[in-house]
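> The following block contains a protein sequence and its predicted model.
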Amino acid sequence: MRKKTKTVNIGGVMIGGDNPIAIQSMTNTRTDDVESTVAQIKELEAAGCDIVRCAVPDMEAAKALSEIKKRIHIPLVADIHFDYRLAIAAVENGADKIRINPGNIGAPERVRAVVDCCRSHGVPIRVGVNSGSLEKELIEKYGGVTAEGLVESALDKASLIKSFGYDELVISIKSSDVMMAVKAHEMIADKTDIPLHIGITEAGTVWSGSIKSGVGLGIILYQGIGDTIRVSLTADPVKEVMAAKKILKTLGLRHGGIEVVSCPTCGRTKIDLIALAESVDRMLTEFDDMELKVAVMGCVVNGPGEASEADIGIAGGIGEGLIFKHGKIIKKVPEDELLDALRQEIETLR
């Protein structure tokens, strides 16, 4: 059962309430390099990213947002640390949301200045707290970095912003400790109706980070918690979007697109199934506008039957392979033509 949260408008993308869980990623280009940043954002758009975040470390980056906004099609979030003037400049240059930690912005009057600017432009504020930035007094209070400390920190900062008469808020509480992040989200979901942006911070490389994120975010999302999601990887951010989509689809929270199923290989396999499956995965990015289940099987004897639930699939043999639909063989082709033959068959299903 989805936890009910307040609805917030981020540049035309509605989050919270009954709205779909939005996928977010972050550019790793220099934001003041407009050409590179726009190019990367367009790649993220094509991959299925709903909201993109850019670092704003200086005034040049803040001013670049204006030109970037003209050339992209998804909402832009400005990531701000320390300097409240950068937050104001980002909003004035078209940011659809800002991410701040009020604790490192400075005195309350500086936070108020940011809030006043966001209110006048109708820009939501994401209050971001993570385990690496938890206040010293909360670490001392709870005897270390804990889920309880993360929750208290986030709610205190949200209350500060609300005290200035503004409640267009999103909260994120992140940790690289998977179970700490899970516990913190479980706790905060019972204490507020502010939409939650969820993620496992500093998750790692594509391999380890995807596993950590899949486990942690899977537990959180399964409990109906979360309104936007980011899979944080040390990798091309397009891979973050691909991983997020897979997590949401696996949980039945997002539909459409291509789903690939493949067997784990065994002694009966007579084809380089690992390389074939990877090639199919890459090829299928051309068809992500379709809703389709594709099977890649290593055995022509059992493969078609085992993958009969797939809309279409291939099974490898000795120097050749089969193409099948819903378990029924439709074609036999040489091994080196298998990938192209699969592409052609999928084209007929458009």
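Okay, I see it. Quick caveat: nothing in here was measured; it's all calculated off a predicted structure.
> Would you confirm that residue 260 belongs to a strand?
Yes - the secondary structure assignment for residue 260 places it in a strand, going by DSSP: H, G, I helix; E, B strand; the rest coil.
> check contacts around it.
Going by C-beta atoms under 8 Å, 6 or more residues apart in numbering, residue 260 touches 277, 280, 281, 284, 293, 294, 295, 296. (Each C-beta comes from the backbone N, C-alpha and C, glycine too.)
> my read: the fourth one touches residue 258, true?
Yes - between residue 284 and residue 258 a contact is recorded at 4.6 Å, counting by C-beta atoms under 8 Å.
> shared neighbours of the two, anything?
residue 294.
> And the strands in the stretch 101-250 of the chain, which stretches?
With DSSP state E, counting those that start in this stretch, the ranges of strands along the stretch 101-250 of the chain come out as 125-130, 169-174, 197-198, 228-229.
> For residue 331, which of those strands is the nearest?
strand 228-229 (39.3 Å; C-beta to C-beta).
> Who are the packing partners of that closest one?
Packing contacts for strand 228-229, counted by 3 or more C-beta pairs under 8 Å, 6 or more residues apart in numbering; DSSP states H and E, involve strand 22-26, strand 197-198, helix 237-250.
> does the residue nearest to residue 18 when sequence neighbours are not counted count as helix, strand or coil?
Taking C-beta to C-beta, 6 or more residues apart in numbering as the measure, residue 18 lies nearest to residue 2, with 7.3 Å between them; neighbours along the chain are not counted. Taking three-state DSSP as the rule, one finds residue 2 in the coil state.
> and if you look at residue 332?
strand.
> my guess is it contacts residue 320, does it?
Yes - at 6.0 Å, residue 332 counts as touching residue 320 under the criterion of C-beta under 8 Å.
> When these two are compared, which one has more neighbours?
In this view residue 332 and residue 320 are compared by other C-beta atoms under 10 Å, and residue 320 has more residues nearby, 17 against 14.
> what about the more buried one, distance to residue 333?
7 Å (C-beta to C-beta, to the nearest Å).
> just residue 66 next, same as before
Between residue 66 and residue 333 the computed distance is 53 Å (C-beta to C-beta).
> now swap in residue 295 and tell me
From residue 295 across to residue 333, the span is 16 Å (C-beta to C-beta).
> cool, and residue 90?
Counting by C-beta to C-beta, the separation of residue 90 from residue 333 is 54 Å.
> which one of the two has more residues nearby?
For residue 90 versus residue 333, neighbours defined as other C-beta under 10 Å are more numerous around residue 90 (34 against 16).
> Now the more buried one: closest residue in space that isn't a chain neighbour?
On the basis of C-beta to C-beta, 6+ apart, the spatially nearest residue to residue 90 that is not a chain neighbour turns out to be residue 78, at 3.5 Å.
> Walk me through which strands the helix or strand where the one you found lies pairs with, and which way each runs.
Under the assignment given by DSSP states H and E, the secondary-structure element containing residue 78 is strand 76-79. If you go by DSSP bridges, strand 76-79 pairs up with strand 51-55 (parallel), strand 97-100 (parallel).
> The helix or strand just after that strand versus strand 125-130: what angle between them?
Following the chain from strand 76-79 toward its C-terminal end, the next helix or strand by DSSP H and E is helix 84-92. Calculated by axes from the mean of the first three to the mean of the last three C-alpha atoms, to 10 degrees, helix 84-92 forms an angle of 140 degrees with strand 125-130.
> number of nearby residues for the closest residue to residue 331 other than its chain neighbours?
Spatial nearest neighbour of residue 331, chain neighbours left out: residue 323 (4.4 Å); criterion: C-beta to C-beta, 6+ apart. By the criterion of other C-beta under 10 Å, residue 323 has 19 neighbours.
> Quick check: residue 323 is in a strand.
Yes - in this structure, residue 323 lies within a strand as judged by three-state DSSP.
> The strand or helix carrying residue 281: which residues count as buried?
Following DSSP H and E, the helix or strand that holds residue 281 is helix 273-283. Of the residues in helix 273-283, those with enough neighbours to count as buried (16 or more other C-beta atoms under 10 Å) are 273, 276, 277, 280, 283.
> what's the answer for stretch 254-269, then?
By neighbour count on 16+ other C-beta under 10 Å, the buried set for stretch 254-269 is 254, 257, 258, 259, 260, 262, 263, 265, 269.
> Okay, and the last one sits in which element?
Think residue 269. With DSSP H and E as criterion, residue 269 is part of no helix or strand.
> which ones are touching it?
Taking C-beta under 8 Å, 6+ apart as the definition, contacts of residue 269 comprise 298, 299, 316.
> same check, this time on residue 319
334, 335.
> measure it to residue 262 for me?
Going from residue 319 to residue 262 by C-beta to C-beta gives 20 Å.
> same question, residue 233
Remark: distance between residue 233 and residue 262 (C-beta to C-beta) = 22 Å.
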